[in-house]
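**Q** 3D, please:
(chains A and B)
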Protein chains: 2
Amino acid sequence: MNLTILGCYAATPRTFTNPTSQVLEIRNRLFLIDCGEGTQVQLRKNKIKFSAINHIFISHLHGDHFYGLIGLISTFNLLNRNNDLTVYGPKGIQEIIKLQLKLSNSWPQYDLHFVELTSTESEIIFEDDKVIVKTIPLKHRVYTNGFLFQEKIKERKLNVNAVQNYEIETCYFQNIKSGKDITLEDGRVIPNSELTFDPEAPKSYAFCSDTMYNEEIIPIIKNVDVLYHETTFLESEVELAKKTMHSTAKEAARIALQANCKQLILGHYSTRYESIKLFKEEAQTIFENAVLGDDGKVFEL
Amino acid sequence: MNLTILGCYAATPRTFTNPTSQVLEIRNRLFLIDCGEGTQVQLRKNKIKFSAINHIFISHLHGDHFYGLIGLISTFNLLNRNNDLTVYGPKGIQEIIKLQLKLSNSWPQYDLHFVELTSTESEIIFEDDKVIVKTIPLKHRVYTNGFLFQEKIKERKLNVNAVQNYEIETCYFQNIKSGKDITLEDGRVIPNSELTFDPEAPKSYAFCSDTMYNEEIIPIIKNVDVLYHETTFLESEVELAKKTMHSTAKEAARIALQANCKQLILGHYSTRYESIKLFKEEAQTIFENAVLGDDGKVFEL
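**A** Residues are numbered from 1 along each chain as shown, chains lettered A, B, ... in the order given. Take a look at the predicted model:
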């Protein structure tokens, strides 16, 4: 699992900073999370293969999180994309995109699907054999969701020496890897624990932007490996954070601590501050393993 | 009058090339023409003052000409803009912008006006005391207009020596500058030509993108000082140009020649070619004063 930050600054695209967008690679799936203006250029700069993106998750309909979506959808078409694309986002996103495609008379050749979100409870919005994606209802000025990406529990690892010693045939291996005990021909029952090793623990990643400080998300993101949490402001601007329904670096750190996250990635910085290092310093007073997200940065999770 | 090319490449924004957008400064007015994705960043890079742009002209609703508009309108708001903004563009543009502003719950504080265009005849869409803007109906896959920007004829220049010799009082100067003859107290009539010099000739600029080769625009742009005409392809791809309703460099040059333009600026290049110099070489076989537009280039007209 790795995470590429394409953009993590608040409000507007600037010469050297980009609005929110990131790519999560998890079990060979590539998920695009948010899509601010200029995301397609950031994808090119970071050498992300356009055709590998089949799912786009949009947190909310503020411009710095989705104004690049229509351009990306159009570019996919110009590049003769064939595979389906599914966009998950707040109700209304379908109308915005379809209206523009209609008026530009450029409906894509590929199949474009929308999953419009309206629930204020966490729900599963994507699931396949390896990954599950749930919403994390956030509190912002418009309807907003974060997203929780979880690997499913992997198969148990075969203890090759053990199965050879018991002369177990290969046709039983799938049952063993899925956790079953084995009865030998002489009637002996061999417990699964003798035949397998524990698999690697499944990894999880939670994306939370934009949101005010909200303890209600803690049960949903409990024990995640990595939490990306917005930190638009420092604690010195806590009143402004409340007013605009954003978070301070301290608040993000408090969430990470209470949710027992292993790592906290900071982002969605206001450009009013001299250096983004200030966000890290402030967060680390509460949560030690806080790191700075930045445009172009890749995290191996 | 000067023209800043913010972007002049076809199809999609790339790492080092930008979709169509340009800024025309004419008699201290700043007009933004087209607004592809990333235009707001290009405005910053080229140090154009955001608040000086009060009129935006959109040629057509293909993404590479207007996907940056919603972001710019939103950024104007974040920058606490006060002055009115008027957007001129094809019918439908208002619906696209207003839908996004509604769903993001971020209606601008400043007054935002739309002038939606539907006519297939050239018409005046902007006029004040110094400048006039007319549409140039173009032929493309969707409803498209070019724009003709014309300075109005300036006042005649006062011949200071002559008016002093005749002892003409200053209260008559405005009449003289507007072209009137003067009757002196002794009854003599002094013709205006004795009292004034010719003003500088009014300048004009025509923007034509996107369009197939179309001789019908020639009477509209006749004798313009500078013509920007799209040249998506070279003549070797003339069939593709016809199919996609674009122009070749030779076709653009033929229009410039027949319209007796003083200068031709080329742009809207397909990125399939090795060098944009090829466009200039081809155009100059027909029209000598053909120059290459390029992102960040400024033309003093």
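
**Q** okay, now residue A:257: neighbour count?
**A** 16 (other CB atoms under 10 Å in any protein chain shown). Placement of C-beta: from N, CA and C, glycine included.

**Q** now swap in the one 4 residues further on and tell me
**A** Using other CB under 10 Å, the number of residues around residue A:261 comes to 26.

**Q** do I have it right that it meets residue A:223?
**A** Yes - contact criterion CB atoms under 8 Å: residue A:261 and residue A:223 qualify, at 7.4 Å.

**Q** just checking, residue A:46 touches residue A:7?
**A** No - using CB under 8 Å, residue A:46 makes no contact with residue A:7, being 10.3 Å away.

**Q** the two: who's more crowded?
**A** Between residue A:46 and residue A:7, counted using other CB under 10 Å, the more crowded position is residue A:7 (27 against 15).

**Q** could you report the neighbour count for residue A:187?
**A** Neighbours of residue A:187 (other CB under 10 Å): 6.

**Q** kindly report the same for residue A:281.
**A** 12.

**Q** phi, psi of it?
**A** Here is the backbone geometry of residue A:281 (degrees, to the nearest 10): phi -60, psi -40.

**Q** retrieve the pLDDT associated with it.
**A** Residue A:281 is assigned 98 on the pLDDT scale.

**Q** which residues touch the residue lying closest to residue A:134 once chain neighbours are set aside?
**A** Closest residue to residue A:134 apart from its sequence neighbours, by CB to CB, 6 or more residues apart in numbering or on different chains: residue A:148 at 4.5 Å. Going by CB atoms under 8 Å, 6 or more residues apart in numbering or on different chains, residue A:148 touches A:122, A:133, A:134, A:135, A:136, A:204, A:205, A:206, A:207, A:220, A:221, A:224.

**Q** now intersect those with the helices, please.
**A** Among these, the residues falling in helices (DSSP state H) are A:220, A:221.

**Q** so what pLDDT did the residue located most distally from the centre of chain A get?
**A** What lies farthest from the middle of chain A is residue A:186; by CA atoms, centre = their mean that is 50.0 Å. Note on residue A:186: pLDDT of 92.

**Q** give me the phi and psi angles of residue A:65.
**A** Residue torsions, per degrees, to the nearest 10, at residue A:65 are phi -120, psi -10.

**Q** what about it, how many residues nearby?
**A** 27.

**Q** report the separation between it and chain B.
**A** 9 Å (CB to the nearest CB, to the nearest Å).

**Q** and that residue, how far from residue B:168?
**A** Distance of residue A:65 to residue B:168, given as CB to CB, to the nearest Å: 67 Å.

**Q** enumerate the residues of chain A near chain B.
**A** A:11-15, A:37-38, A:40-41, A:44-45, A:61-63, A:67-68, A:70-71, A:74-75, A:78, A:90, A:92-93, A:95-96, A:99-100, A:103-106, A:141-142 (CB under 8 Å from any CB of the partner chain).

**Q** can you select the buried ones from these in PyMOL?
**A** Of those, the buried ones can be selected in PyMOL as follows, counting by 16 or more other CB atoms under 10 Å in any protein chain shown:
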select buried, chain A and resi 11+12+13+14+37+38+40+41+44+61+62+63+67+68+70+71+74+75+90+92+93+96+99+100+103+104+106+141+142
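
**Q** in strands only, show me the residues of chain A next to chain B.
**A** Among those, the ones falling in strands (DSSP state E) are residue A:90.

**Q** going along the chain, name the helices of the stretch 1-150 of chain A.
**A** For the stretch 1-150 of chain A, helices defined by DSSP state H, counting those that start in this stretch occupy the ranges A:39-45, A:63-66, A:69-78, A:93-103.

**Q** tell me what the third one is packed against?
**A** For helix A:69-78, the helices and strands in contact under the criterion 3 or more CB pairs under 8 Å, 6 or more residues apart in numbering or on different chains; DSSP states H and E are helix A:39-45, strand A:85-90, helix A:93-103, helix B:63-66.

**Q** can you tell me what sits against the third one?
**A** Among residues not part of helix A:93-103, those counted as contacts by CB under 8 Å, 6+ apart are A:58, A:61, A:66, A:69-70, A:73-74, A:87, A:107-108, A:112, A:114, A:116, B:61, B:63, B:90, B:92, B:95-96, B:99-100, B:103, B:142.

**Q** repeat that for the shortest one.
**A** Applying CB under 8 Å, 6+ apart, the external contacts of helix B:63-66 come out as A:70-71, A:74, A:100, A:104, A:106, B:10-13, B:19-20, B:34-37, B:58-60, B:89, B:93, B:209-210.

**Q** measure the residue in the stretch 101-250 of chain A that chain B sits nearest to to residue A:97 for me?
**A** Per CB to the nearest CB, residue A:103 is where the stretch 101-250 of chain A lies closest to chain B, at 4.3 Å. Distance from residue A:103 to residue A:97, counting by CB to CB: 11 Å.

**Q** ok, residue A:270 next?
**A** Counting by CB to CB, the gap from residue A:270 to residue A:97 is 29 Å.

**Q** closest to residue B:253 out of the helices and strands packed on helix A:69-78?
**A** Across the helices and strands packed on helix A:69-78, residue B:253 has its closest neighbour in helix B:63-66 (22.6 Å, CB to CB).

**Q** and the average pLDDT for the closest one is what?
**A** Rounded mean pLDDT across helix B:63-66 is 97.

**Q** just give me how far that helix sits from the chain centre.
**A** Centre-to-centre, helix B:63-66 and its host chain are 16 Å apart (CA atoms, centre = their mean, to the nearest Å).

**Q** output it as PDB, nothing but the C-alphas.
**A** Output in PDB follows, covering the C-alpha atoms of helix B:63-66 (Å, rounded to 0.1, in the frame of the first residue of the first chain):
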ATOM      1  CA  GLY B  63     -13.200  21.700 -21.900                       C
ATOM      2  CA  ASP B  64      -9.800  23.100 -23.100                       C
ATOM      3  CA  HIS B  65     -11.500  26.500 -23.500                       C
ATOM      4  CA  PHE B  66     -13.500  26.900 -20.300                       C
END
